[in-house]
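J.: All I have is the shape, not the residue letters:
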């Protein structure tokens, strides 16, 4: 049974008394779901890398020790690589070694770019300066097709708009096609 036809005990009013209930004061009751929960983070304990523990450790020495273990466990190529790096660092500063490597990489990249450009120039028959006589125009795949350009002589009638359904071009075509 619906409650739509029943009278309300307190008629609806505007303002703070909307909804038919009168509010006499703020409620003293509240839900436990409205309370703030999880208001603090869980602190780290000893052995969980606290700030004090991290400040006491020497991370650089630990990293170098792990690298030594790694390179000593691998084959000789790793040891040779490590020795080569040390010799580069002993010859000059680290920046000088990186500059040398970067210069070599740049030179290799420039040489590769020049080679690619020369290859492209040789491959393009329009720009090929060395052998200008070998250029020949290729035919299109549809040059020898039998039914090519059949509508060349016919003129296409432009479509026109007539705001009368009986006199329109569509209606006339329809009558010619289906009502002969």
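T.: On my side now, so go ahead. Not measured: the values here are computed from a predicted model.
J.: Show me how this protein divides into domains.
T.: Taking automatic domain parsing as the criterion, the chain consists of the domains 57-91, 93-129.
J.: got these as JSON lines, with mean pLDDT and distance to residue 177 columns?
T.: The C-beta positions use only the backbone N, C-alpha and C, and glycine is treated the same way. Compiled in JSON lines, those are given as follows (pLDDT from 0 to 100; distance: least, Cβ to Cβ, whole Å):
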{"stretch": "domain 57-91", "mean pLDDT": "78", "distance to residue 177": "83"}
{"stretch": "domain 93-129", "mean pLDDT": "80", "distance to residue 177": "53"}
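J.: And the helices in the protein?
T.: With DSSP state H, the ranges of helices along the chain come out as 51-56, 59-73, 76-91, 94-123, 169-178.
J.: Of all the domains of the chain, which one comes closest to residue 48?
T.: domain 57-91 (13.5 Å; Cβ to Cβ).
J.: Same question for that closest one: list its buried residues.
T.: 71, 82, 88 (16 or more other Cβ atoms under 10 Å).
J.: re earlier: with distance to residue 149 as new columns, can the domains of the chain be given to me in a markdown table?
T.: Below are the domains of the chain laid out as a markdown table (distance: least, Cβ to Cβ, whole Å):
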| stretch | distance to residue 149 |
| --- | --- |
| domain 57-91 | 69 |
| domain 93-129 | 28 |
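J.: gap between residue 107 and residue 61?
T.: Note on residue 107: its distance to residue 61, by Cβ to Cβ, to the nearest Å, is 38 Å.
J.: ditto for residue 85
T.: Counting by Cβ to Cβ, the gap from residue 85 to residue 61 is 18 Å.
J.: and what of residue 98?
T.: Taken as Cβ to Cβ, the span from residue 98 to residue 61 is 24 Å.
J.: Repeat that for residue 6.
T.: Plainly put, residue 6 is 83 Å away from residue 61 if you go by Cβ to Cβ.
J.: Likewise for residue 82?
T.: Taking Cβ to Cβ, one finds residue 82 at 17 Å from residue 61.
J.: go on, residue 104?
T.: Applying Cβ to Cβ, the value for residue 104 to residue 61 is 32 Å.
J.: try residue 168
T.: The spacing between residue 168 and residue 61, counted by Cβ to Cβ, is 92 Å.
J.: cool, residue 115 as well?
T.: Noted for residue 115: a distance of 47 Å to residue 61, by Cβ to Cβ.
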